[in-house]
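Colleague: sharing a model that was predicted from the sequence below.
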Number of protein chains: 2
Amino acid sequence: MSDTELYSIKETSEKTGLSEDTIRYYEKIELLPRAKRKGNTHRVYRSEDLFMMKIITCLKKTGMSLDEIRPYMNLSSFNDDLTASPELYELLQEHKKKIENQMASLQQIMDLIDSKLLQGNVISEPCTITGGKQTMPMKSREDKTP
Amino acid sequence: MSDTELYSIKETSEKTGLSEDTIRYYEKIELLPRAKRKGNTHRVYRSEDLFMMKIITCLKKTGMSLDEIRPYMNLSSFNDDLTASPELYELLQEHKKKIENQMASLQQIMDLIDSKLLQGNVISEPCTITGGKQTMPMKSREDKTP
DNA sequence: ACTTGACTTGGAGCTGACTCCAAGTTATAA
DNA sequence: TTATAACTTGGAGTCAGCTCCAAGTCAAGT
């Protein structure tokens, strides 16, 4: 398993679509583990590392914040023995639900428009989903390891 | 039509869930039109205005940026004669597609995990959607609307 | 030995979307 | 009338997620 091919940060950037700066930034905020160094200076990455970065990109695409993604990265290795991590799977399911809610929200607007609720009647209870608090900013930074 | 009931910014805030600051901010960035003033100073809002704010909240929930939302607000009134705005409808359809793509992204990760692509093999082409900008094959998601 | 280029670090700057504040004005109630 | 609450404005600050930059280091080629 795990071929021994190593990649520079430039190659890694090319292969993952993340900029070099972004990769270093992810390391800085500890979203990615500190990369191994060649001669104690230049970063080197293995396929597994690229894989993690791609996962991050995937999750981001679905609207996850980096803070929300972090727990996934902390799960041992993500590579070996993932099925033994029902926690991850559940988090994913949860997130999927959020996206489904988003779609429902959108669907409601579309319906609203379709059904001409807008014409004449309008203005009473336009978009029920609006009521709640839900997916707003959500700040919970208190762990800032020195 | 349109009842004549008027709301202060506080009432409006309460009814829409947006903070007073946010409402003023939306006016400042011209996402909302400049509100009418009572005695030339205090803002007053009508039901239609609240409706607009709720629409904004809805769209934001589905991941639209304020800049993306602005065109919708510029469409004449949103209230009267909406069906005569196929532009809006089309924009919405487009946005909906984006969300569907997000879901597809997520689904791919879930599939990835399910299928144990992760075990042993791993690391070759983990999440195809990551590669390009869009272009994903898009497994036709049969709609699950009730 | 020298130049070039890829890399390093720390930190500054930027955008979006707020959120907070101070200082002033107006409306209302006692 | 006066105190208080509600509101106004302009501008500063915050937070996430980058992006850019300067100054320095290191490896390889000539």
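Modeller: Looks like it arrived, so ask away.
Colleague: relative to residue A:90, how far out is residue A:72?
Modeller: From residue A:72 over to residue A:90 the distance is 11 Å, taken as CB to CB, to the nearest Å. From N, CA and C alone the C-beta is placed, and that goes for glycine too.
Colleague: what of residue A:63?
Modeller: Separation of residue A:63 from residue A:90 (CB to CB): 18 Å.
Colleague: where do the domain boundaries of chain A fall?
Modeller: According to automatic domain parsing, chain A is divided into the following domains: A:1-84, A:86-134.
Colleague: what's the least confident stretch among those domains?
Modeller: For the domains of chain A, the stretch scoring lowest in mean pLDDT is domain A:86-134; its value is a mean of 62.
Colleague: where do the strands sit along chain A?
Modeller: Under the criterion DSSP state E, chain A carries strands at the ranges A:36-38, A:42-44.
Colleague: is the lengthiest helix in chain A anywhere near chain B?
Modeller: The residue-count maximum for a helix in chain A (DSSP state H) belongs to helix A:86-114. Yes: if you take CB under 8 Å from any CB of the partner chain as the test, helix A:86-114 does meet chain B, through A:88-89, A:92, A:95-96, A:99-103, A:105-110, A:113.
Colleague: now swap in stretch A:6-14 and tell me
Modeller: No: with CB under 8 Å from any CB as the threshold, stretch A:6-14 lies outside contact range of chain B, at a closest distance of 11.2 Å.
Colleague: what's the burial count for residue A:9?
Modeller: Counted with other CB atoms under 10 Å in any protein chain shown, residues neighbouring residue A:9 total 19.
Colleague: now swap in residue A:87 and tell me
Modeller: 12.
Colleague: how about residue A:28?
Modeller: Each residue near residue A:28 was counted by other CB under 10 Å, and the total is 10.
Colleague: check residue A:58 too.
Modeller: Neighbour count for residue A:58, taken as other CB under 10 Å: 21.
Colleague: that one contacts residue B:102, doesn't it?
Modeller: No: the criterion here is CB atoms under 8 Å, and residue A:58 misses it with residue B:102 at 10.1 Å.
Colleague: returning to what we had before: can you redo the domains of chain A as a markdown table with distance to residue B:17?
Modeller: What follows is those, written out as a markdown table (distance: least, CB to CB, whole Å):
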| stretch | distance to residue B:17 |
| --- | --- |
| domain A:1-84 | 20 |
| domain A:86-134 | 6 |
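Colleague: relative to residue B:21, which of the strands of chain A is closest?
Modeller: Residue B:21 lies closest to strand A:42-44 among the strands of chain A, at 42.8 Å (CB to CB).
Colleague: quick one, helices of chain A?
Modeller: The residue ranges that make up the helices of chain A, judged by DSSP H, are A:9-16, A:20-28, A:47-61, A:66-74, A:86-114.
Colleague: hmm, the shortest one in reach of DNA strand D?
Modeller: The reference is to helix A:9-16. No: under the criterion of CB under 7 Å from any atom of the strand, helix A:9-16 makes no contact with DNA strand D; the nearest approach is 10.1 Å.
Colleague: for that helix, name the packing helices and strands.
Modeller: Contact partners of helix A:9-16 among helices and strands, from 3 or more CB pairs under 8 Å, 6 or more residues apart in numbering or on different chains; DSSP states H and E: helix A:20-28, helix A:47-61.
Colleague: mind listing what's buried along the shortest one?
Modeller: Put plainly, it is helix A:20-28. When neighbours are counted by 16 or more other CB atoms under 10 Å in any protein chain shown, the buried residues of helix A:20-28 are found to be A:23-24, A:26.
Colleague: quick one: contacts of it?
Modeller: A:9-10, A:12-13, A:16, A:18, A:32-35, A:43, A:53, A:56, A:66 (CB atoms under 8 Å, 6 or more residues apart in numbering or on different chains).
Colleague: can you pull the residues of chain A lying near DNA strand C?
Modeller: With the criterion set to CB under 7 Å from any atom of the strand, chain A comes near DNA strand C through A:8-11, A:20-21, A:24, A:35, A:37, A:41-43, A:136-137.
Colleague: count of neighbours near residue A:94?
Modeller: For residue A:94, the number of neighbouring residues by other CB under 10 Å comes to 10.
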